Every structure is written in structure tokens, then in C-alpha cells.
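S.K.: Here is my input; please provide its structure:
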Amino acid sequence: MLEQATALNIVLLPDEQTSNLTRVLSRQLATRFNTEFRLDEEHLPHITVYQGYYPDRNLPQLKNGLLAFAAQQRFIEVSMRGFQIWGNTIVFWNCDRTPHLQTLHDGTLVIANPLREGLVPPNAAILTGLSNEDKDNLAKTGGVLNGPKYHPHVTISKLKDPNHGLNALGVIEGMSPQTMSFTADRLYLSTLSDHGTVSAIIEEFKFGEV
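M.R.: Have a look, this model is predicted:
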């Protein structure tokens, strides 16, 4: 009998202004192109800090580790800067990868990575065309964009047709400021669904609180 396991995401949530803009951009792309999802109340704008796939018996240890880690953190300034098409179909609004944000990722990686016991999230397991380096990173950390390759961003949308990537990029670059900033003061543990989407927040861990 297979052991029960759950895919979860450790995330930061943008402030209301940034979240509202990401939803507008995602909605515009969905009206012009065929997309896999759009950001709304059931697909929450978020910045992944670390995502993993865990045996359910390890979830209490994961939550306790995140609680203790968050208690040692202070608020973090997040700057959104520039859009990108990743893998020909995924529309990113990138964040500045500051030392503070990298430290946040590295700290959660240390806590969470051993608890997945080698399991890989279903949304990452189906990736194709990976380099040997990416395959190695996926096996060791549970994701391609982890460790030194951490790439903080908000995913605006995922296009069904890779030929529309540059056109989609032009649409959002033409209707949005490319730079915005907000302050984050907590981590969230969330669901991890198809295409890396987040549909619900499970628990929050405020910085500086035990």
C-alpha cells in the first residue's frame, strides 16, 4: 500500500495592490490567448520560497520547523522587476533575488528538503527537456529552480501555445509598470496544485513570533 503524501508550497504573498495587478494581467492574457489558468480567488498570486512533496507523517515536523524558522526572521522587502517567458509558455513577473530572499529560500530548503524523503512534486516530475544539471537539482532538492538557481517570481499565467510567448510578453509589458515593491512579514504554507498554482492557504508563520 502506497504511503499518503501531500504536495505543498511555502510562499510569500504579495500585498493587495501587487496581487490585484497580477490578476488583471492574468485575466488579460486569458482573454487574448489560450491559457492553463488565470489568477483569481482560486489561483492565488504568490512567490514560491520552496515547494515539496511530503509523506503525510512528516507534516507536523514541517510546520514546527517553519514556525521556529519564521520566529528568527524579520520583515523582507520584495521588489518586482521585469517580465519573462520561461520554458516558452510560463509568464513570470520576476523578483529581485536579494540576499535576504535567497537566505529565506535556503533556510526553508534546509528544513523542508529532508522531509520529502526524495519525493518530487507531481508538477515537477512531469517536466521534460531538462539538462543533466536540472535533473540533478530536481533529484537533490525537489525542484529545478532551487538552491543557487532559485528564481523568485510571481507566475502570471501559463500559455497553451508556446508560439504565443513573445506576444503575451508584449501585452503585459505594455499595460503594467515593471517595478513594484511591497513588504512581507510572514511565510505561508499552501496547497500545490496543477501548474504550480496555489488554491488555499493552510497555515501562516509570522516573522518574529514564537
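S.K.: longest single helix anywhere in the chain?
M.R.: Counting residues, the longest helix found in the chain (DSSP state H) is helix 16-32.
S.K.: Report the distance from that one to the chain centre.
M.R.: A distance of 17 Å separates the centroid of the chain from that of helix 16-32, by C-alpha atoms, centre = their mean, to the nearest Å.
S.K.: Show me what the next helix or strand after it is in contact with.
M.R.: Downstream of helix 16-32, the first helix or strand assigned by DSSP states H and E is strand 35-38. Residues outside strand 35-38 that contact it (C-beta atoms under 8 Å, 6 or more residues apart in numbering) are 23, 26-27, 29-30, 43, 157-160, 194-195, 197. All C-beta atoms are positioned from the backbone trio N, CA, C, and that covers glycine.
S.K.: change it to 10 Å
M.R.: By C-beta atoms under 10 Å, 6 or more residues apart in numbering, the residues outside strand 35-38 that reach it are 22-23, 25-31, 43, 89-91, 155-161, 164, 168, 193-197, 199.
S.K.: Give me the buried positions along the helix or strand following it.
M.R.: Next helix or strand after strand 35-38 toward the C-terminus (DSSP H and E): strand 47-55. Going by neighbour count (16 or more other C-beta atoms under 10 Å), the buried part of strand 47-55 is 47-54.
S.K.: okay, among those residues, which ones form the most distant pair?
M.R.: Greatest spacing in the buried residues of strand 47-55, by C-beta to C-beta: Ile47 and Tyr54 (20.2 Å).
S.K.: before we move on, back to that, and the longest helix of the chain, C-alpha only, in CSV?
M.R.: Output in CSV follows, covering the C-alpha atoms of helix 16-32 (Å, rounded to 0.1, in the frame of the first residue of the first chain):
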residue,chain,number,x,y,z
GLU,A,16,-3.1,43.8,-2.2
GLN,A,17,-2.0,46.3,-4.8
THR,A,18,0.5,43.9,-6.4
SER,A,19,-1.9,41.0,-6.2
ASN,A,20,-4.7,42.9,-7.8
LEU,A,21,-2.4,43.9,-10.7
THR,A,22,-1.2,40.3,-11.2
ARG,A,23,-4.9,39.3,-11.5
VAL,A,24,-5.6,42.0,-14.1
LEU,A,25,-2.6,40.9,-16.1
SER,A,26,-3.5,37.2,-15.9
ARG,A,27,-7.1,38.0,-16.9
GLN,A,28,-6.0,40.0,-19.9
LEU,A,29,-3.8,37.1,-21.1
ALA,A,30,-6.7,34.7,-20.6
THR,A,31,-8.9,36.8,-22.9
ARG,A,32,-6.3,37.0,-25.7
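S.K.: buried residues in that helix?
M.R.: Quick answer for helix 16-32 (16+ other C-beta under 10 Å): 18-19, 21-23, 25-30.
S.K.: and it with strand 47-55, angle?
M.R.: 80 degrees (axes from the mean of the first three to the mean of the last three C-alpha atoms, to 10 degrees).
S.K.: need the buried residues of helix 16-32 in JSON lines with distance to Leu12 and pLDDT, can you?
M.R.: As requested, those are exported to JSON lines (distance: C-beta to C-beta, whole Å; pLDDT from 0 to 100):
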{"residue": "Thr18", "distance to Leu12": "11", "pLDDT": "95"}
{"residue": "Ser19", "distance to Leu12": "11", "pLDDT": "96"}
{"residue": "Leu21", "distance to Leu12": "16", "pLDDT": "94"}
{"residue": "Thr22", "distance to Leu12": "13", "pLDDT": "95"}
{"residue": "Arg23", "distance to Leu12": "17", "pLDDT": "96"}
{"residue": "Leu25", "distance to Leu12": "18", "pLDDT": "95"}
{"residue": "Ser26", "distance to Leu12": "18", "pLDDT": "96"}
{"residue": "Arg27", "distance to Leu12": "22", "pLDDT": "96"}
{"residue": "Gln28", "distance to Leu12": "24", "pLDDT": "95"}
{"residue": "Leu29", "distance to Leu12": "22", "pLDDT": "96"}
{"residue": "Ala30", "distance to Leu12": "24", "pLDDT": "96"}
